[in-house]
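Engineer: A predicted structure for the sequence below; I have some questions about it.
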Amino acid sequence: MLSLDNASVRYGSVAALSDANLRIERGDFVALIGANGSGKTTLLQALHGLVAHTGVRTVAKEAAAQVMVFQRPFMLRLSVWNNLRVALWLAGAPPAERAARATEALHRAGLFELRGRQARALSGGQQQRLALARAWATRPALLFLDEPTANLDPSAKREVEAMLARFKLEGMTLVMSTHNLGQAKRLATRVVYLDRGRIRADLATDAFFARHLDARTDLFLKGELPWDME
């Protein structure tokens, strides 16, 4: 569906991403993991076409419809209901389908009873569920997620994870950056591990967590990788 070949991103003298090669296949749920500054978000943005890079990005026709949900999703100064309706309008959804799609999306997110509330008055977890509902309603072929449960309490994390697991079961293709290794184990079919801007591993989830890769990766998985280790 989507590929990057020898993609690199620099911010001045800083190499945020170096010679990345990655293929996203239909039905994948890819978790991008790594320490802070490892290049997860930059890779996610390069995949979605949000950042300038060298190398080649190739998008199949079937993956043209893409949506990205950010760590802190932007909510319009409108009601929950109208946040859905505007998203569907911008996505070009047929007018006759918009009300039904918005209704179904809000039911899936457990937010239908709050449809008249101002979106910016929702809790953090509710806003994240609204962002996912808004994304799902537009019927993307590919959904990108940047730390979708960061700063949420355990209950809100479970609710968001439940939505993502359902998306996966329905065959949606997802790429998610996360610091939560348990979340990667629970949800992802593949793990892409980044270190210092380079992809160091791209393996099936079970294989990644079962395999000894190298000393740095072992330290990362134990939460013991120091900032200044060379």
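Structural biologist: Arrived safely. Residues are numbered from 1 along each chain as shown.

Engineer: got the residue ranges for the strands in the chain?
Structural biologist: 2-11, 14-24, 29-33, 54-59, 66-69, 142-146, 173-177, 190-195, 198-204 (DSSP state E).

Engineer: Export the ones you listed as JSON lines, with columns for mean neighbour count.
Structural biologist: In short, each C-beta sits where N, CA and C put it, glycine included. Compiled in JSON lines, the strands of the chain are given as follows (neighbours: other C-beta atoms under 10 Å):
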{"stretch": "strand 2-11", "mean neighbour count": "17"}
{"stretch": "strand 14-24", "mean neighbour count": "18"}
{"stretch": "strand 29-33", "mean neighbour count": "25"}
{"stretch": "strand 54-59", "mean neighbour count": "13"}
{"stretch": "strand 66-69", "mean neighbour count": "20"}
{"stretch": "strand 142-146", "mean neighbour count": "24"}
{"stretch": "strand 173-177", "mean neighbour count": "25"}
{"stretch": "strand 190-195", "mean neighbour count": "23"}
{"stretch": "strand 198-204", "mean neighbour count": "16"}
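
Engineer: Show me what the helix or strand of the chain with the lowest mean pLDDT is in contact with.
Structural biologist: Every helix and strand of the chain was ranked by mean pLDDT, DSSP states H and E. The lowest is helix 215-221, at a mean of 83. Under the contact criterion C-beta atoms under 8 Å, 6 or more residues apart in numbering, helix 215-221 has outside partners 34-35, 181, 193, 195, 200-201, 209, 212, 225-226, 229.

Engineer: now the lengthiest helix in the chain and strand 29-33, what's the angle there?
Structural biologist: Longest helix of the chain, by residue count under DSSP state H: helix 154-169. For helix 154-169 against strand 29-33, the angle by axes from the mean of the first three to the mean of the last three C-alpha atoms, to 10 degrees is 130 degrees.

Engineer: Run through who's touching helix 154-169.
Structural biologist: Counting by C-beta under 8 Å, 6+ apart, 29, 108-110, 123-126, 128-129, 132-133, 136, 143, 145, 148-149, 152, 174, 176, 183, 186-187, 189 sit against helix 154-169.

Engineer: what about 10 Å?
Structural biologist: 27-29, 69, 108-110, 123-129, 131-133, 135-136, 140, 143, 145, 148-152, 172-174, 176, 180, 182-183, 186-189 (C-beta atoms under 10 Å, 6 or more residues apart in numbering).

Engineer: Among these, name the buried ones.
Structural biologist: 28-29, 69, 108-109, 125-129, 131-133, 135-136, 140, 143, 145, 148-149, 152, 172-174, 176, 180, 183, 187-188 (16 or more other C-beta atoms under 10 Å).

Engineer: Keep only those of the residues you listed that are in helices.
Structural biologist: Per DSSP H, the buried ones among the contacts of helix 154-169 map to helices at 108, 125-129, 131-133, 135-136, 183, 187.

Engineer: Where does the prediction get shaky in this protein?
Structural biologist: 224, 226-230 (pLDDT under 70).

Engineer: which residue is nearest the middle of it?
Structural biologist: L145 (1.5 Å; C-alpha atoms, centre = their mean).

Engineer: residues in contact with the residue nearest to L17 when sequence neighbours are not counted?
Structural biologist: With C-beta to C-beta, 6 or more residues apart in numbering as the criterion, L17 has its nearest non-adjacent residue at 4.1 Å, and that residue is V9. Applying C-beta under 10 Å, 6+ apart, we find V9 in contact with 15-18, 20, 39, 42-43, 45-46, 51-55, 197.

Engineer: Okay, and the beta partners of the residue nearest to the centre of the chain?
Structural biologist: Beta bridges link L145 to V69, M176, judged by DSSP bridges.
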